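In: Here's my sequence, what's the structure:
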Amino acid sequence: MRRYRVGGVVRDRLLGQPPGDCDWVVVGATPEQLRAQGYAQVGRDFPVFLHPQTKEEHALARTERKSAPGYRGFVVHAEPDVTLEQDLQRRDFTINAIAEDENGELVDPFGGVRDLEARVLRHVSPAFAEDPVRILRAARFLARFADLGFSVAPETLALMRDMVAAGEADHLVPERVWQELRRMLATPRPSAGLRLLRDCGALKVVLPEVDALYGVPQRPEFHPEVDTGIHTEMVIDMAARLAPGDALIGFCALTHDLGKALTPAEVLPKHIEHERNGLAPVRAVAARLKVPQEFGVMAQIVCREHLNVHRIAELRPETVHDLIQRCDGFRRPERIDQLALVCECDKRGRLGLQEADYPPRRQLLAMHAAAMAVTAADALAAGLEGTAVGEWLRRARGAAIAAARKEERGSAGE
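Out: Just a heads-up that it's a prediction; the model follows:
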């Protein structure tokens, strides 16, 4: 029995990146042998075991044979006669098909080290085309490593296009799409992944609402980048910059302008009521991909309210109060923080405005904090009860918002 470190832990060490979980492949062993040594079996579709001390995953070397469409349609063969090279050959990219033995010696039959040095994502073998999830993984890896100078090999992009044309992407299940999309939105440059999905045609299959944004013009005095799809790319990249690793902020950034794809041609480049028109497609995306409830709720809040936040200085104190209440911001104060952050991403995700100041975020947070300081206990202490409590709260919180606005304007020298 021989074991080798494989996949991301080897790749990331060679790239000088922080290592993730250490996975091992075991060659020349049976499940019975591993269990006899104290390994605990956890794999359902194929034999995966946890080391008795380190709890690191150890998978038996295996091969896979395509048996049906989609990512589940495989017959797995995991026997002691499966070689390390056969196991590595079934992997997606050459940079993920490098193994390292227990002495630190690399086993690299497919040129993964060379492609790491050249900063290229290249598929290992034609078997790449058998699993449509690999299209999404390509987008995620490119988004993760784009800032290191990575690109997709032309032959790999061509293969991905062929897969989409053959209908493989149609077999992607919502849970896997969301799993990969969520991880992509938490990378340093999610726009690179989004663009790759569009280049190969998969974006139209998995996120048609986002694909429809490309080519839709906006008013250049507000959006120098003009194209709504390009704007969306810039906003999700700004979200990655201001809230690194936060997929919720990234998802809200991705979906905040979906209503612009529904603007009638005769109205363009204006987008009247796009924030209201965008609610239906936001709900459709959230439902289809089965995103966590808080992601779906927050994305609708951002879609509905982002123009209000941009002009927060123009709103009456009572209107600001009602905005906060619509977001459930008195019971869920984090929602106002998230809303303000995504709105800053929206404003700075524009050509030439990446370093611009965004006062509405500070203003909204200051007014929210002032309103939060007024509580129902204050009303009860004043002897109020019933509906009078709610009415008093709205007035008192409105006054607190007005005072906070006045103070903020004074400190800003307005």
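
In: As a check, name the ranges of all strands in the stretch 101-250 of the chain.
Out: Using DSSP state E, counting those that start in this stretch, the strands of the stretch 101-250 of the chain run over 106-107, 120-121, 151-152.

In: Compare those and give me the one nearest Q300.
Out: strand 151-152 (33.6 Å; Cβ to Cβ). (Glycine included, C-beta is placed from N, CA and C.)

In: Pull the distance from that closest one to the chain's centre.
Out: In this view, strand 151-152 has its centroid 20 Å away from the chain centroid, taken as Cα atoms, centre = their mean, to the nearest Å.

In: Mean neighbour count and distance to D131 added to the strands of the stretch 101-250 of the chain, as JSON lines?
Out: JSON lines is the format used below for these (neighbours: other Cβ atoms under 10 Å; distance: least, Cβ to Cβ, whole Å):
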{"stretch": "strand 106-107", "mean neighbour count": "15", "distance to D131": "23"}
{"stretch": "strand 120-121", "mean neighbour count": "21", "distance to D131": "15"}
{"stretch": "strand 151-152", "mean neighbour count": "20", "distance to D131": "16"}
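
In: Can you give me every residue that contacts the closest residue to V291 other than its chain neighbours?
Out: Of all residues not flanking V291 in the chain, W178 sits nearest, at 5.8 Å (Cβ to Cβ, 6 or more residues apart in numbering). By Cβ atoms under 8 Å, 6 or more residues apart in numbering, W178 lies in contact with L289, K290, V291.

In: Mind doing that once more with 10 Å?
Out: L136, V206, A247, F251, V285, A286, R288, L289, K290, V291, P292, F295 (Cβ atoms under 10 Å, 6 or more residues apart in numbering).

In: same thing with R331?
Out: By Cβ under 10 Å, 6+ apart, R331 lies in contact with Q325.

In: about what we covered before: just the buried residues of the contacts of W178.
Out: L136, V206, A247, F251, V285, A286, L289, V291, F295 (16 or more other Cβ atoms under 10 Å).

In: And these, which is closest to F222?
Out: Once Cβ to Cβ is applied, the member of the buried ones among the contacts of W178 that ends up nearest F222 is F251, at 23.5 Å.

In: Just list the residues touching the closest one, thanks.
Out: So F251 contacts 178, 181-182, 185-186, 236, 239, 282, 285-286, 289, 291-292, 295-296, 298-299, 302, 342 (Cβ under 10 Å, 6+ apart).

In: Let me have the strands of the stretch 101-250 of the chain in JSON lines, extended by distance to V320.
Out: Below are the strands of the stretch 101-250 of the chain laid out as JSON lines (distance: least, Cβ to Cβ, whole Å):
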{"stretch": "strand 106-107", "distance to V320": "60"}
{"stretch": "strand 120-121", "distance to V320": "47"}
{"stretch": "strand 151-152", "distance to V320": "46"}
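
In: so can I have CSV of the ones you listed showing mean pLDDT and distance to V309?
Out: Converted to CSV, the strands of the stretch 101-250 of the chain look like this (pLDDT from 0 to 100; distance: least, Cβ to Cβ, whole Å):
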stretch, mean pLDDT, distance to V309
strand 106-107, 96, 51
strand 120-121, 98, 38
strand 151-152, 98, 37
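
In: Which of these sits closest to I95?
Out: It is, among the strands of the stretch 101-250 of the chain and with distance given as Cβ to Cβ, strand 120-121, at 6.9 Å.

In: Which neighbouring elements make contact with the closest one?
Out: helix 133-145, strand 151-152, helix 154-165 (3 or more Cβ pairs under 10 Å, 6 or more residues apart in numbering; DSSP states H and E).

In: Mean neighbour count, those: which tops it?
Out: Of all those, helix 133-145 carries the top mean neighbour count, a mean of 25, counting by mean count of other Cβ atoms under 10 Å.

In: Convert it to CSV, retaining C-alpha atoms only.
Out: Provided in CSV are the C-alpha atoms of helix 133-145 (Å, rounded to 0.1, in the frame of the first residue of the first chain):
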residue,chain,number,x,y,z
VAL,A,133,-19.5,20.3,-13.4
ARG,A,134,-16.0,20.8,-14.8
ILE,A,135,-17.2,23.8,-16.8
LEU,A,136,-18.2,25.4,-13.5
ARG,A,137,-14.9,24.3,-11.8
ALA,A,138,-13.0,25.9,-14.7
ALA,A,139,-14.8,29.2,-14.0
ARG,A,140,-14.1,29.0,-10.3
PHE,A,141,-10.4,28.1,-10.7
LEU,A,142,-9.9,30.9,-13.2
ALA,A,143,-11.6,33.4,-10.8
ARG,A,144,-9.4,32.2,-8.0
PHE,A,145,-6.1,32.4,-9.9
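
In: now the angle between helix 154-165 and that helix, please.
Out: Angular relation of helix 133-145 and helix 154-165 on a 0 to 180 degree scale: 130 degrees, by axes from the mean of the first three to the mean of the last three Cα atoms, to 10 degrees.

In: Could you list the domains of the chain?
Out: Structurally, the chain divides into domains by automatic domain parsing as follows: 1-114, 132-206.

In: tell me the most buried of those domains?
Out: Most buried of those, by mean neighbour count (mean count of other Cβ under 10 Å): domain 132-206, with a mean of 20.

In: Would you mind measuring the gap between the ends of it?
Out: 11 Å (Cα to Cα, to the nearest Å).

In: My read is that A166 contacts A129, right?
Out: Yes. With contacts counted by Cβ atoms under 10 Å, A166 reaches A129, the gap being 7.9 Å.

In: thinking again about what came up before, which one of the helices and strands packed on strand 120-121 lies closest to R350?
Out: Taking Cβ to Cβ, helix 133-145 is the member of the helices and strands packed on strand 120-121 nearest to R350, at 20.5 Å.
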